[in-house]
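Participant: Got a predicted model here, sequence first, then my questions.
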Number of protein chains: 2
Amino acid sequence: MAGTDRQLRGMSGLQEGAPVFVLVGPQLGENIGTAARAMLNCGLADMRLVAPRDGWPNPDAIAAASGASAVLERASCFDSVADAVADCHRVFATTARTRDMDRVVMTPQGVAQEIRQVSAEGARCAVLFGRERTGLTNDEVVLADTLVRVPLHPGFSSLNLAQAVLLLGYAWFQAGDETPDTQRMIPAARQRATHAQMIGLFEHLEGALDQRGFYKTEALRPTMVRNIRNFLQRADLTDQEVRTLHGIVTALGGQRKDQLS
Amino acid sequence: MAGTDRQLRGMSGLQEGAPVFVLVGPQLGENIGTAARAMLNCGLADMRLVAPRDGWPNPDAIAAASGASAVLERASCFDSVADAVADCHRVFATTARTRDMDRVVMTPQGVAQEIRQVSAEGARCAVLFGRERTGLTNDEVVLADTLVRVPLHPGFSSLNLAQAVLLLGYAWFQAGDETPDTQRMIPAARQRATHAQMIGLFEHLEGALDQRGFYKTEALRPTMVRNIRNFLQRADLTDQEVRTLHGIVTALGGQRKDQLS
């Protein structure tokens, strides 16, 4: 049963309407395995293979999948692209180079939005990835509805297979992900300081500085107070951190150890 | 000089204000090389290394960089994270797991926007990537201003080093990229058909269908005409394609070869 557990690892909680990823004529088993891993990272588990060079199944692929072997176990193998996408309604072909072909070309983000939308309408989508060295043939590309090209640094735009799979897969995952771009992780036992707690801290600090003659002149005092309050306010402190700062002010404001009698 | 050319490959046209990527304690040279390749794909060329396990330079890294060896040639090596980011103003630490640490956590997209913004204000930014197995230590994470976590399928969220580098690098590249999400690549010698050309095509086709008795009844004719015009209009034809369709209508509407006298 341990084998079953391993095989099912990561296969629960997958979303409906995920696209099929079709690797066309992949040459290296290792690339098939790392592509499977990248797919599962993005919650994708439907891989199809068209005429993999070294046959199928391929032990190199399983070794490289690092726990995503369940994707490989489920992968199906076809003789041609036409067979592999026979049941699909929308097919996207990844391509690195401009072809002299009058087609719509989308970014991974555009494709991700399109897949989310037409999948919600009940369409099954597939994304084609070509051979490591030579990509897809023009006849294979014509089978697709739309081309996908990943915008990259023009001087060095060749992606390896698993990296292309990751960028397309991540764009799809991201299009359905609601993680805020920025969030503060405040531990459950703490909360942000109230403004009353901040004022209490400011007054404690300002009083202690007064006692030490920190403000050179009374005229400078208001500006210096504002500057100090400003960065403390910007730090977005928790209640615990305000208590820590009270402790620091008290410690620094007290007698130095070497002056203790 | 061939070696020089190869070394400089992809190093022109890089954008100003790009972040430094810091690999902390990388274990496998191969991962350093594939990370360099992923960086250059995204127009990033400033790699720093902190205490790579197998020393530096590392021939495995160069072998895996696939033409991005210029990134490795320029990489500098440091003893500690603090040394590696000493000249940086904003430091982001990638982390896979939630730590019991009260920090701001951003997505790669959030970080990309932030880097673009503060770089434009003159700040140098760095992104830290931890060791393959164990990531960054808590003491290293505390050196950063902000954490970065890539949202991924919760059941299988472990990324390899180069894949993490690729997702962060691509988010940065994308934040400055203006490629439209969807564009039609019409070859230069062609253009979209005018509406007059489309009407000419419709009338040619509808007349030919009339001659063959395609419309069962005159009452059905308007609906069928609209349906046919509808999908032809949706196909967004070019002038050349309209000429091809005229030819098809003429050919199908003419005498069959076996009926030619």
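Facilitator: Structure received. Residues are numbered from 1 along each chain as shown, chains lettered A, B, ... in the order given.
Participant: contacting residues for the residue most central in space within chain A?
Facilitator: Relative to the mean C-alpha position of chain A, the nearest C-alpha, by C-alpha atoms, centre = their mean, is the one of residue A:170, at 6.3 Å. By C-beta atoms under 8 Å, 6 or more residues apart in numbering or on different chains, the residues touching residue A:170 are A:41, A:42, A:108, B:150, B:152, B:167. (Each C-beta comes from the backbone N, C-alpha and C, glycine too.)
Participant: Just say helix, strand or coil for it.
Facilitator: Of the three states, residue A:170 takes helix under DSSP: H, G, I helix; E, B strand; the rest coil.
Participant: Next one: it, what pLDDT does it get?
Facilitator: pLDDT recorded at residue A:170 is 98.
Participant: Repeat that for residue A:12.
Facilitator: Residue-level confidence at residue A:12 comes out at 84, pLDDT.
Participant: How about residue A:163, nearest residue that isn't a chain neighbour?
Facilitator: Leaving out its chain neighbours, the residue that sits closest to residue A:163 by C-beta to C-beta, 6 or more residues apart in numbering or on different chains is residue B:166, at 5.5 Å.
Participant: before we move on, which element is that neighbour in?
Facilitator: Following DSSP states H and E, one finds residue B:166 within helix B:161-175.
Participant: How about the residues of the stretch 1-150 of chain A by chain B?
Facilitator: Residues of the stretch 1-150 of chain A found near chain B (C-beta under 8 Å from any C-beta of the partner chain) are A:9-14, A:34, A:37-38, A:40-43, A:66-68, A:98, A:100-107, A:109-110, A:113, A:147, A:150.
Participant: how does it look with 6 Å?
Facilitator: A:10, A:12-13, A:40-41, A:43, A:102-107, A:109-110 (C-beta under 6 Å from any C-beta of the partner chain).
Participant: So among the residues you listed, which ones count as buried?
Facilitator: Buried members of those, counted by 16 or more other C-beta atoms under 10 Å in any protein chain shown: A:10, A:40, A:41, A:43, A:103, A:104, A:105, A:106, A:107, A:109, A:110.
Participant: The fourth one should be in a helix, yeah?
Facilitator: No: counting by three-state DSSP, residue A:43 is located in no helix; its state is coil.
Participant: burial measure for the nearest residue to it once chain neighbours are set aside, as a count.
Facilitator: Nearest residue to residue A:43, sequence neighbours excluded (C-beta to C-beta, 6+ apart): residue B:153, at 3.6 Å. When counting by other C-beta atoms under 10 Å in any protein chain shown, one arrives at 21 neighbours for residue B:153.
Participant: State the pLDDT value of residue B:153.
Facilitator: 94.
Participant: Please look at it and residue A:45 and confirm they touch.
Facilitator: No: checked against C-beta atoms under 6 Å, the pair residue B:153 and residue A:45 is beyond contact range at 9.2 Å.
Participant: Chain A: strands as residue ranges?
Facilitator: A:20-24, A:47-50, A:76-78, A:90-94, A:103-106, A:125-129, A:146-148, A:182-185 (DSSP state E).
Participant: hang on, the earlier thing: gap between the residue nearest to the centre of chain A and residue B:143?
Facilitator: The gap separating residue A:170 from residue B:143 is 27 Å, by C-beta to C-beta, to the nearest Å.
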